[in-house]
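> A structural model of the following input is requested.
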Amino acid sequence: QVQLVESGGGLVQPGGSLRLSCAASGSIFSINAMGWYRQAPGKQRELVANFISGGSTNYVDSIKGRFTISRDNAKNTGYLQMNSLKPEDTAVYYCNADVTYKRGFSRLRADYWGQGTQVTVSS
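Numbering: from 1, shown residues only. I've put the predicted structure just below:
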């Protein structure tokens, strides 16, 4: 059906930057919503940034001014540009998408998660 694959994670020093990508593939008709979440060790998964109705963006307070969410609809790909990274940004980052996909002559809608990509901020 639909797969989400994240990439771009890694080890970076404090103050550094990373760009995460989330590529959606499969029988996609449309991506209705997309967001990025993260889960640090021992903590619950939290929303980092997402697109809300009307194309506006929403960011958790802790990353405002440092992270930017974007998407390329033609490529079915979302991005999270992360600048001025801090050790507390260390987590597994997950992409989430609400997708309408094709099955035969039908249009179905479901929520998908990627496998996650590790981001480690450390000197």
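
> all contacts plus neighbour counts: C-alpha atoms, from now on.
Will do.

> surely Y93 touches Y37?
Yes: if you go by Cα atoms under 8 Å, Y93 and Y37 touch, sitting 5.7 Å apart.

> which of these two has more neighbours?
The residue with more neighbours, out of Y93 and Y37, is Y93; 27 against 18, by other Cα atoms under 10 Å.

> what's the spacing between the closest residue to that one other than its chain neighbours and Y79?
Leaving aside its chain neighbours, Y93 sits nearest to R38 (4.2 Å; criterion: Cα to Cα, 6 or more residues apart in numbering). Separation of R38 from Y79 (Cα to Cα, to the nearest Å): 14 Å.

> just V99 next, same as before
16 Å.

> kindly report the same for I52.
I52 sits 15 Å away from Y79, going by Cα to Cα.

> so between those two, which is more surrounded?
Neighbour count, other Cα under 10 Å: between I52 and Y79, Y79 has more, with 22 against 13.

> which positions within the helix or strand where that one lies qualify as buried?
Using DSSP states H and E, Y79 maps to strand 77-82. Of the residues in strand 77-82, T77, G78, Y79, L80, M82 count as buried by neighbour count, 16 or more other Cα atoms under 10 Å.
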